[in-house]
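Novice: Fold the following, please.
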Amino acid sequence: GDAARHRGRGVRFLFALVLTVPLIVVASLGETHITDSTIAPLSRRWIEFVLAAPVVVWAAAPFFARALRGLTLGHASPFTPLAFGIFVLFAFSTVSLVAPSYIPMELHRYDGPTPLFFDTVALAVTLLLGSELVQLWARARLAHGHTGFATPLHLQTVADNIVNWLAPLAVIVGLAAYVYWAEYAPAPSMWIGIHTAMAVWIAASLCMFALAAPFAELVAVEMGVREGIDVRDACALEAFANADALVLDGALVLEPGSTTLKAHARDHLSKLCENGLTVTLVAGQSDDVARAIALDAALQNFAAAAPDAAAERARLLEAKGHAVAVAAQTPGGATIAMPGDAAAAIVLEHDGLVGIIRARRLARAMTRNAKQGIVISAFYNLLAVAAAAGMLLLYNGWALTLVPAAIATALSPFLVIANTLRLWRVQL
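Specialist: Residues are numbered from 1 along each chain as shown. Sure thing, here's the model as predicted:
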């Protein structure tokens, strides 16, 4: 469960942090040559390897596992470019240390020894583990005891399809950036090329796409609890957001045993129409009575309340291409269901029509927020990958290098989380 996963990520993060801090200190001192009199440069490079290897091999193992799982299933994972970048960085650095003669001179940084990226790769892993740890904490705080639903939102499927395209594209862009800069950059051009390719793969934060819909779902469910809206299937809430027709039980608008409308029923029905729903009222024991009630309620669509009338009218509307929801009266409030559902997916604890209006606003707010999160994820990744590839150098002379790319990737999920928290400001 999330609790065990949280503990596991916490252990890996602390493990990586304990090794990464001295690794950065050793690497930084080596760059300034302060330690050359006490530690031989070659020994210092081996110390960097010893500190970085456990971080990559063990602490980063979940990233590699998820990337490999995606490949074995025949599709890309949000962690594919990241895992690829970490692996290539570490492998290149290891070869540079163990067999530097195999590294072309063009890949050497100016007149110095073969370059190592052990500190950068360990920092990237540590930052990403810390970011994931905070994400898990935020998910636990937002869930408040609610577990995820078995079926993901349709929008999550859309996000996954985007990742399936962007993950291999990020790998290709990194390779293209290497080829371009190795050819056209000033000396040492090949070193600049490989540095740029690594930055592209680290900068691609595709895990953002996995957060937008689930976090919007969690916040929406919690908001529903506070407003007396029991969401038992988030997919149904998403479907209700996309519905354009509502088949409405007459008991929700009529006084018990009467054809006189409840107080404020017209206003509430008008608000449902303003929220994009065409309402069909199922009321009365005959078409004439149903017509009279619908006319009184300022509605054009009606049906007599015969057995299975609501289900039949829903089927007719679906046959005409409408997305339909069905609302029914219950002793304690109302329910909202989609045609064909075995049970009501949304249970309203308060006044029926008011609850339906609030549920509709909640559903649309959740869907809108999830879409915004996906757009934010796409915009960030396009900008970050472009900057890391050096595409902005032609305009403002700025590029996203390795360490800033790792920091940006670690912080990027919080753009989606911050957007999700805006849901709390929605007035239902």
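Novice: Restricting to C-alpha, output stretch 208-216 in CSV.
Specialist: The C-alpha trace of stretch 208-216 is given here as CSV (Å, rounded to 0.1, in the frame of the first residue of the first chain):
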residue,chain,number,x,y,z
MET,A,208,3.8,14.8,-13.9
PHE,A,209,1.3,13.3,-16.3
ALA,A,210,0.7,10.5,-13.7
LEU,A,211,-0.4,13.0,-11.1
ALA,A,212,-2.9,15.4,-12.7
ALA,A,213,-6.0,13.1,-12.8
PRO,A,214,-5.4,11.1,-9.6
PHE,A,215,-4.7,14.2,-7.5
ALA,A,216,-7.8,16.0,-8.9
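Novice: quick one, longest helix in the protein?
Specialist: helix 352-388 (DSSP state H).
Novice: got a list of contacts for the helix or strand just after it?
Specialist: Once the chain leaves helix 352-388, the next helix or strand it forms, by DSSP states H and E, is helix 393-396. Applying Cβ atoms under 8 Å, 6 or more residues apart in numbering, the external contacts of helix 393-396 come out as A399. All C-beta atoms are positioned from the backbone trio N, CA, C, and that covers glycine.
Novice: let's see 10 Å
Specialist: When contacts are defined by Cβ atoms under 10 Å, 6 or more residues apart in numbering, helix 393-396 is touched by residues W181, A185, T196, A387, A399.
Novice: what does stretch 312-321 give?
Specialist: Under Cβ under 10 Å, 6+ apart, the answer for stretch 312-321 is 243-248, 278, 280-282, 301-303, 306, 308, 322-326, 337-340.
Novice: Filter those residues down to the buried ones.
Specialist: Neighbour-count burial (16 or more other Cβ atoms under 10 Å) applied to the contacts of stretch 312-321 gives 243, 245-248, 278, 280-282, 301-303, 322, 324-326, 337-339.
Novice: Spatially, which two of the contacts of helix 393-396 are the most separated?
Specialist: A185 and A387 (16.0 Å; Cβ to Cβ).
Novice: Who has more neighbours out of these two?
Specialist: Shown here are A185 and A387; by other Cβ atoms under 10 Å, A387 has more neighbours (22 against 17).
Novice: In stretch 211-222, which residues are buried?
Specialist: Applying 16+ other Cβ under 10 Å to stretch 211-222 flags L211, A212, A213, P214, F215, A216, E217, L218, V219, A220, V221, E222 as buried.
Novice: Would you confirm that G30 contacts R45?
Specialist: Yes. With contact defined as Cβ atoms under 10 Å, G30 reaches R45; the gap is 7.7 Å.
Novice: Give the residues shared as contacts by those two.
Specialist: What both G30 and R45 touch, as defined by Cβ under 10 Å, 6+ apart, is the set I39, L116.
Novice: Checking D230 next. Helix, strand or coil?
Specialist: Under DSSP: H, G, I helix; E, B strand; the rest coil, D230 falls in the strand class.
Novice: any idea how far it lies from L237?
Specialist: Distance, D230 to L237, by Cβ to Cβ, to the nearest Å: 11 Å.
Novice: which residues do the two both contact?
Specialist: Common neighbours of D230 and L237 (Cβ under 10 Å, 6+ apart) are V221, G224, A345, I346, A359.
Novice: In CSV: those, plus distance to Q156 and secondary structure.
Specialist: As requested, these are arranged in CSV below (distance: Cβ to Cβ, whole Å; DSSP: H, G, I helix; E, B strand; the rest coil):
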residue, distance to Q156, secondary structure
V221, 15, helix
G224, 19, helix
A345, 17, coil
I346, 19, strand
A359, 21, helix
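Novice: Columns pLDDT and distance to L206 on top of the residues you listed, output as a markdown table?
Specialist: Output for the shared contacts of D230 and L237, formatted as a markdown table (pLDDT from 0 to 100; distance: Cβ to Cβ, whole Å):
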| residue | pLDDT | distance to L206 |
| --- | --- | --- |
| V221 | 90 | 25 |
| G224 | 92 | 29 |
| A345 | 82 | 30 |
| I346 | 91 | 32 |
| A359 | 94 | 32 |
